[in-house]
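[1] Got a predicted model here, sequence first, then my questions.
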Amino acid sequence: MCRRLRPLDAPMPGVGPDSAKMRQFETGATRNLDASKPDYEGFLSPLAIQAFGRYMNKNRTQADGSIRASDNWQKGIPLESYVKSLFRHFMNLWLHHRGYGYLASESLEDALGGLQFNINGYVHEREKLRSSGPVNPQEKGAP
């Protein structure tokens, strides 16, 4: 392995005015600080993602028995549909939370999965709009 030498006039990594913007690993590798970058690994829970995956996989079978593609929802669902479904799932979550789960029309796990699906879908549609048009769902042209 050929190592490149640092030119004599090049600043040393981790030294000087920009050192606060850099980090250096024990191996000598350097990277920019990641404090301002989204920490997806920290923001998300593998347990929650796994539970959501179980919910989504369970709900891939359609009424006619066919299996929908896992990304079928990305073709577009109106925001109004997401909100109406979200409220139905929220009512079931609330019933479970308040000790009235026996009145809910679905399990707590399904209520949580349905909420997550509808929130993700709503955010997905809003982000698509944000990059291409109106962001107010009441504006003309919004899905």
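    On my side now, so go ahead.

[2] What does Met22 show for phi and psi?
    phi -120, psi 160 (degrees, to the nearest 10).

[3] go on, the one 3 residues further on?
    As for Phe25, its main-chain torsions (degrees, to the nearest 10) stand at phi -90, psi 160.

[4] looking at it, Arg31 is touching Lys37, isn't it?
    No - between Arg31 and Lys37 there is no contact under Cβ atoms under 8 Å: 10.4 Å. Backbone N, C-alpha and C define where each C-beta goes, glycine included.

[5] Tell me where this structure has strands.
    22-24, 30-32 (DSSP state E).

[6] ok, so what distance separates Ser70 from Phe52?
    For Ser70, the distance to Phe52 equals 12 Å [Cβ to Cβ, to the nearest Å].

[7] More neighbours: the two, which one.
    Neighbours per residue, other Cβ atoms under 10 Å: of Ser70 and Phe52, the larger number sits with Phe52, 18 against 11.

[8] about what we covered before: got the strands of the chain as JSON lines, with mean pLDDT, distance to Gly42 and mean neighbour count columns?
    Listed next are the strands of the chain as JSON lines, based on pLDDT from 0 to 100; distance: least, Cβ to Cβ, whole Å; neighbours: other Cβ atoms under 10 Å:
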{"stretch": "strand 22-24", "mean pLDDT": "84", "distance to Gly42": "16", "mean neighbour count": "14"}
{"stretch": "strand 30-32", "mean pLDDT": "84", "distance to Gly42": "17", "mean neighbour count": "10"}
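
[9] Include distance to Leu103 when you put those strands into CSV, please.
    Formatted as CSV, the strands of the chain follow (distance: least, Cβ to Cβ, whole Å):
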stretch, distance to Leu103
strand 22-24, 53
strand 30-32, 53
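
[10] Burial check on the residue lying closest to Glu106 once chain neighbours are set aside, number of neighbours?
    Nearest residue to Glu106, sequence neighbours excluded (Cβ to Cβ, 6 or more residues apart in numbering): Asn92, at 5.1 Å. Asn92 has 23 neighbours, counted by other Cβ under 10 Å.
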